[in-house]
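Undergrad: Sharing a sequence plus its predicted fold:
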Amino acid sequence: MSATIASMTAPGPEIRAPLAALDGVTKTYRRGGETVEVLQALDLTVPEGDFLALMGPSGSGKTTLMNLLGGIDRPTSGTITIGGTRIDNLGEAALTKWRARHVGFIFQLYHLLPVLSAERNVELPLLLTNFSRGERRRRALAALKLVGLSERGKHKPTELSGGQEQRVGIARAIVTDPTILLCDEPTGDLDRKAGDEILELLRALNEEHGKTIIMVTHDPHAAACAKHTLHMDKGQLVTEPHH
């Protein structure tokens, strides 16, 4: 499944339609009496089925960009379209509903609830749907099977290794069959072996299951597993990192 960043390569027969498109996106915050510009008129096109790594120093705007793509935050100006939906002008209720259906988040520190089993942690996003209890459980078990944890569904996070906890996190992210997966340093808290297993799982989700993935990482080894890498510096996408 070959895909490219449309804005960075010549058009060809394998280029897919844009899944995510940011046009002139600016994000500013007020800090005291000062206006801080985090993103500057940023344009980005991500085709369906891509696996994109975002790299850049702390403070370059990577996390802000991810929050905008996931509908957690809103741009100060510019437009964000994902899967044909303009999300920057949705009302709060509509945005919450859109995010629950279309975005899977994978975090560095897993964010699992320690009192719940792996199966119940994975099931959590489905509580926002109209699925029956039986259907929620069926989907949660299917997601755990996909990440190789069928035998660990009844275990709580404290009974799992870090790599297994991240697999539960990935199962939770994919259980709704989201349009896009947003990964924030998914291997940042793991040793190299466990990290490589997570990267291989993400690659399989992309290549075998067609998931569109955007991953923020500081690790060039992790970025090398993506199909493309873009660098951010001072709120802008740059061709090469600045040294």
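TA: That came through, no problem.

Undergrad: List the residues that contact R137.
TA: E119, E123 (CB atoms under 8 Å, 6 or more residues apart in numbering). Any C-beta I mention is one placed from the backbone N, CA and C, and that applies to glycine too.

Undergrad: On the pLDDT front, check it for me.
TA: R137 carries a pLDDT value of 91.

Undergrad: Please apply the same query to G169.
TA: 91.

Undergrad: Secondary structure element holding it?
TA: helix 162-174 (DSSP states H and E).

Undergrad: helices and strands around that helix, which ones?
TA: Applying 3 or more CB pairs under 8 Å, 6 or more residues apart in numbering; DSSP states H and E, we find helix 162-174 packed against strand 103-106, helix 118-123, helix 133-146, helix 192-207.

Undergrad: Next, format the ones you listed as TSV and append distance to A173.
TA: Formatted as TSV, the helices and strands packed on helix 162-174 follow (distance: least, CB to CB, whole Å):
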stretch	distance to A173
strand 103-106	3
helix 118-123	9
helix 133-146	9
helix 192-207	9
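
Undergrad: Same question for the helix holding G169: list its buried residues.
TA: 162-174 (16 or more other CB atoms under 10 Å).

Undergrad: Please list the outside residues in contact with it.
TA: Applying CB under 8 Å, 6+ apart, the set of residues contacting helix 162-174 from outside is 104-107, 110-112, 118, 121-122, 124-125, 140, 143-144, 146-149, 152, 157, 160, 181, 186-187, 189-191, 193-195, 197-198, 201-202, 205, 211.

Undergrad: Quick one, which of those are buried?
TA: For the contacts of helix 162-174, buried by 16+ other CB under 10 Å: 104-107, 110, 112, 118, 121-122, 125, 140, 143-144, 146-147, 149, 152, 157, 160, 181, 186-187, 189-190, 194-195, 197-198, 201-202, 205, 211.

Undergrad: low-confidence ranges in this structure?
TA: Applying pLDDT under 70 to the chain flags residues 1-17, 239-243.

Undergrad: Please pick out the residue of it most distant from its centre.
TA: Centroid-distance maximum for the chain: G33 at 32.9 Å, with CA atoms, centre = their mean.

Undergrad: From K234, how far off is that one?
TA: 21 Å (CB to CB, to the nearest Å).

Undergrad: With L146 instead?
TA: 39 Å.

Undergrad: now swap in A143 and tell me
TA: Relative to K234, and taking CB to CB, A143 is found at 38 Å.

Undergrad: P114 now?
TA: Where K234 is concerned, P114 sits at a distance of 38 Å (CB to CB).

Undergrad: Looking at these two, which one has more neighbours?
TA: With neighbours defined as other CB atoms under 10 Å, P114 and K234 compare such that K234 has more, 15 against 8.

Undergrad: Thank you, goodbye.
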